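Student: Next input, structure requested:
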Amino acid sequence: MSAVAGKVCVVTGAGSGIGRALAVTLAARGGRLALSDVDEGGLAETAALVGSDVHTARLDVSDRDAVAAYADAVAAHFGVVHQIYNNAGIAHSNTVLDSEYAEYERVFGVNLWGVIHGTKAFLPHVIASGDGHVVNVSSLNAFLAQKEMSHYCTTKFAVRGFTESLRAEMQDAGRRVGVTVVHPGGIKTNIATAALEEARASGLEITPADEARQRHYNEKLLKMDPTRAAEIIVTGVEADKPRVLVGSDAKAIDLLVRLLPARYPAVFRRIERLQAR
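Tutor: Model (predicted):
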């Protein structure tokens, strides 16, 4: 049902990281690509990697009208849309007490509303294709909450619930639309660095502990190559899996939370302290 070859596949956040790797993997499997990102330079680099038959556009997924117009443009360009990969996302670190509402609104706008906008805008086209798929990228933080990450964790928990609800609706209606939620673990992307840079640009105080946390993520946690992550994701989509766990850490955290739903926060804190040594 969800084989990629010959399908029109839309990827948001395609300018780097998992999004770029998804584009390359989909192209290698015969997909026809529509790629978007707010980073036009990174997007151009991705487009150069995947060949000439690609539609590109600068897109802020938090802008509902822009996403709706983008969906119409892609459908007009190709005549059909089969798969949407709602991948664009950002990270942010701050305590609940110290966070401004604007911080929540920014992360919610990209990570949650971006997924909702992309799904709503493309779903009619995906349904009309007669053989479609919606893929929403969540995180291991959809089942693991961490301190100073309430913005990110809230959105990723919500993306999981939204996607699972959509899958139930498509099945109940007998639609030929697969729906997959993706939970990546530590993928080697620039998300931790970008989060710190955004905080600094916003005028927030960056402490030595913040910088140490960034180094810890980059050096010890964000390990899997994005290419391997993309291969796992696309293979899961082609198999019509409802949920794809990417990486041994995602699988381990999923098991930990299932086994110790009330105690996992304390266990995870001990693991973090051990890793930081």
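
Student: what helix or strand does residue 181 sit in?
Tutor: Assigned by DSSP states H and E, residue 181 belongs to strand 177-184.

Student: what about this structure, any weak spots by pLDDT?
Tutor: Within the chain, the set of residues satisfying pLDDT under 70 comprises 1-2, 187-223, 268, 271-277.

Student: Sketch out the helices for it, chain order is fine.
Tutor: Secondary structure of the chain by DSSP state H: the helices cover 17-28, 40-50, 64-78, 101-107, 113-129, 150-172, 191-201, 208-216, 226-238, 248-259, 264-276.

Student: Find the one among the ones you listed with the highest mean neighbour count.
Tutor: helix 17-28 (a mean of 25; mean count of other C-beta atoms under 10 Å). C-beta coordinates here come from the backbone N, C-alpha and C atoms, glycine included.

Student: chain center to that one, what's the gap?
Tutor: Centroid displacement of helix 17-28 relative to its chain, using C-alpha atoms, centre = their mean, to the nearest Å, is 13 Å.

Student: Run through the neighbouring helices and strands of that helix.
Tutor: strand 8-11, strand 32-37, helix 40-50, helix 226-238 (3 or more C-beta pairs under 8 Å, 6 or more residues apart in numbering; DSSP states H and E).

Student: nearest to residue 91, of the helices of the chain?
Tutor: Among those, the nearest to residue 91 by C-beta to C-beta is helix 191-201 (3.9 Å).

Student: Would you mind measuring the gap between the ends of stretch 140-148?
Tutor: End-to-end distance for stretch 140-148, by C-alpha to C-alpha, to the nearest Å: 16 Å.

Student: For it, which outside residues touch it?
Tutor: For stretch 140-148, contacts defined as C-beta atoms under 8 Å, 6 or more residues apart in numbering pick out 93-95, 149, 152-153, 156-157, 159-160, 181, 183-185, 245, 247, 249-250, 253-254, 256-257, 264-265, 268.

Student: Buried residues, that stretch. List them.
Tutor: Using 16 or more other C-beta atoms under 10 Å as the test for burial, stretch 140-148 gives 140-145, 148.

Student: ok, the closest residue in space to residue 234 that isn't next to it in sequence - contacts?
Tutor: Among residues not flanking residue 234 along the chain, residue 25 sits closest, at 5.1 Å (C-beta to C-beta, 6 or more residues apart in numbering). Contacts for residue 25 (C-beta under 8 Å, 6+ apart) come out as 227, 230-231, 233-234.
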